[in-house]
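Trainee: Give me a model of this one.
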Amino acid sequence: QDHLVGSGLRCHVCFGRRRPHRTRTSEGSLTRMPLARLASVCVFVCPVLVWALICQASAEGQSGDQCPVALLQRESFINTRRSDPDGRTLRAPSLPSTPLLPSLSTWGTTFFSTDPDASADFFVRYFKAVRMPLPACGAPRAAVRLITVNGNANTEQDFQMLVFVNDPSASAGAWNATQAVADAAALILQSFGPGSLPFVPWIDNHDGYTFTGRSNSDLWNMERALADRMPLMAYHGPQGSFIVNLRAYVPGTLSTVSIRGAEAGLTQQLMQEHGRENPEQCRVFNNDPSSRWGWSKSTHMAARPAVAVKFMVDILGAVPFEGDFPWPPQENCTAAQWALFPDIRFEVHFVLSQTWEVNGFSIQEQAKLMDGTPALKSGAFTASMYNSLVLSVDSLDQYVLRLQAQSMPFQLMRFNPEQYALFMVIPENAITVQLRSQHLSVDVPISPGICTQDFGKLVS
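Mentor: Residues are numbered from 1 along each chain as shown. Presented below is the predicted three-dimensional model:
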């Protein structure tokens, strides 16, 4: 480390600014460490030292700060073995994302909905959720606060905000949001029932919930869903797996939900009434779900998954995460790329279900029709952008600078003197991400906030 720091590489980025603790004898030499202890330390330290040496070797022509950051982006995690609450072995990053970005947390999800009240009532009836007030606006809207983790002596309660907006006037070009929802809903519900359509790519648009443990068994009302004869899809993982994946459609939207756990002893009935073969072709349950309980992932139908993950890494500071599906894409297999925010253990999945592109449906074509990039460039807001992942950050500055450095379009809105929203669209995928923050100091154009995206006191 001394050699690397002396060479101007400033590898405190890799080592967290801390020098390794050393003890010395009276002669000043390092105290000999027992072989077993030395080996255990090397398991963690040696990979970092190797990366640092690679960093030094490739640093020619780079500044001292560039190399460590690039290194963390290229070699962003060490695979470690751990177990999830069900005892399965998982692999996940142990190194944090680049420290140059401010802290980030999940806030919620927004949706274009043809019936915001029906969308919100779905969560109130079947989840542990309550309706929340929104500021007055001409467009129909609804919001709910969803409890995703019950609090107890050892666990802090966690929430997700959900906002539904019906603004068909924002539809642009050949993509009609209202018609798209009607068509998608028909396909999704058809695949949930008996018939010849086992799966459609729209189902890949979902928030994933891990309601593991007895303390979280009331976060999804399985008994009520079965009694109401709700259209559902349920399937086990690979052969020998006891995990049940449950899918349900969110009325009025282009989205579903994916639930694990909270089966309330009704697994047998669920599988008898709604069970089917696993439609996720070639999946091996290796890394999923993450160690995060509650709202654990945001999943998206993606035309270019690799492009989407690169965006998450380059702009938002996530790290690439080894997924459960083969990559590059293989014939007759689901393909996917995953990203992880390691500090909060939140995953974002981008799925290309080419196997289920049937009856003329094309993921690539849908992405082109829904792409909000032209709207961003012109300062407009299109209906597809209402479907967004919302994250909260301490400051927007570094994200704006990263977007500018890569010449990517974005839109900044101000809703009150203390609330900003940064909108961006993942290239070639028509997936919108928005960041909310109370801090912005860089000099960039800011538009007045539109009322459909004004969440009032729901954003603090």
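
Trainee: Residue 307: helix or strand, and which one exactly?
Mentor: Using DSSP states H and E, residue 307 maps to helix 305-316.

Trainee: Repeat that for residue 195.
Mentor: Applying DSSP H and E, one finds residue 195 in no helix or strand.

Trainee: For burial, what's the neighbour tally of it?
Mentor: 8 (other CB atoms under 10 Å). In this view, the C-beta of every residue, glycine as well, is placed from N, C-alpha and C.

Trainee: Use 16 as the first number for this chain going forward.
Mentor: Sure thing, new numbering starts at 16, so read that last one as residue 210.

Trainee: Show the model's pLDDT score for it.
Mentor: Per-residue pLDDT puts residue 210 at 72.

Trainee: What residues of the helix holding residue 322 count as buried?
Mentor: Buried residues in helix 320-331, counting neighbours by 16 or more other CB atoms under 10 Å, are found at 320, 321, 323, 324, 325, 326, 327, 328, 330, 331.

Trainee: and if you look at stretch 245-255?
Mentor: 245, 246, 247, 248, 249, 250, 251, 252.

Trainee: Show me the contact partners of that stretch.
Mentor: 141, 204, 206-208, 218, 240, 257-264, 285-286, 288-294, 298-300 (CB atoms under 8 Å, 6 or more residues apart in numbering).

Trainee: Among these, name the buried ones.
Mentor: By neighbour count, with 16+ other CB under 10 Å, these hold 141, 206-207, 218, 240, 258-264, 285, 289-290, 294, 298 as buried.

Trainee: Show me where the stretch 66-215 of the chain dips below the pLDDT cut-off.
Mentor: 66-115, 168, 187-188 (pLDDT under 70).

Trainee: What segments of it are helices?
Mentor: In the stretch 66-215 of the chain, the helices defined using DSSP state H, counting those that start in this stretch lie at 81-89, 131-141, 192-207.

Trainee: coming back round to it: and the buried ones among the contacts of stretch 245-255, which of them are in strands?
Mentor: If you go by DSSP state E, the buried ones among the contacts of stretch 245-255 have 259, 260, 261, 262, 263, 264 in strands.

Trainee: so which of these would you say is closest to residue 355?
Mentor: The nearest member of those to residue 355, counting by CB to CB, is residue 260 at 19.9 Å.

Trainee: Spatially nearest residue to that closest one (excluding sequence neighbours)?
Mentor: Counting by CB to CB, 6 or more residues apart in numbering, residue 250 is the residue found nearest to residue 260 once chain neighbours are left out, at 5.5 Å.

Trainee: Would you mind measuring from that neighbour to residue 206?
Mentor: From residue 250 across to residue 206, the span is 12 Å (CB to CB, to the nearest Å).

Trainee: same deal with residue 223?
Mentor: Residue 223 is 18 Å from residue 206, where distance means CB to CB.

Trainee: Kindly present the buried residues of stretch 245-255 as CSV, with separate columns for distance to residue 421.
Mentor: Output for these, formatted as CSV (distance: CB to CB, whole Å):
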residue, distance to residue 421
245, 43
246, 42
247, 42
248, 38
249, 42
250, 39
251, 42
252, 38
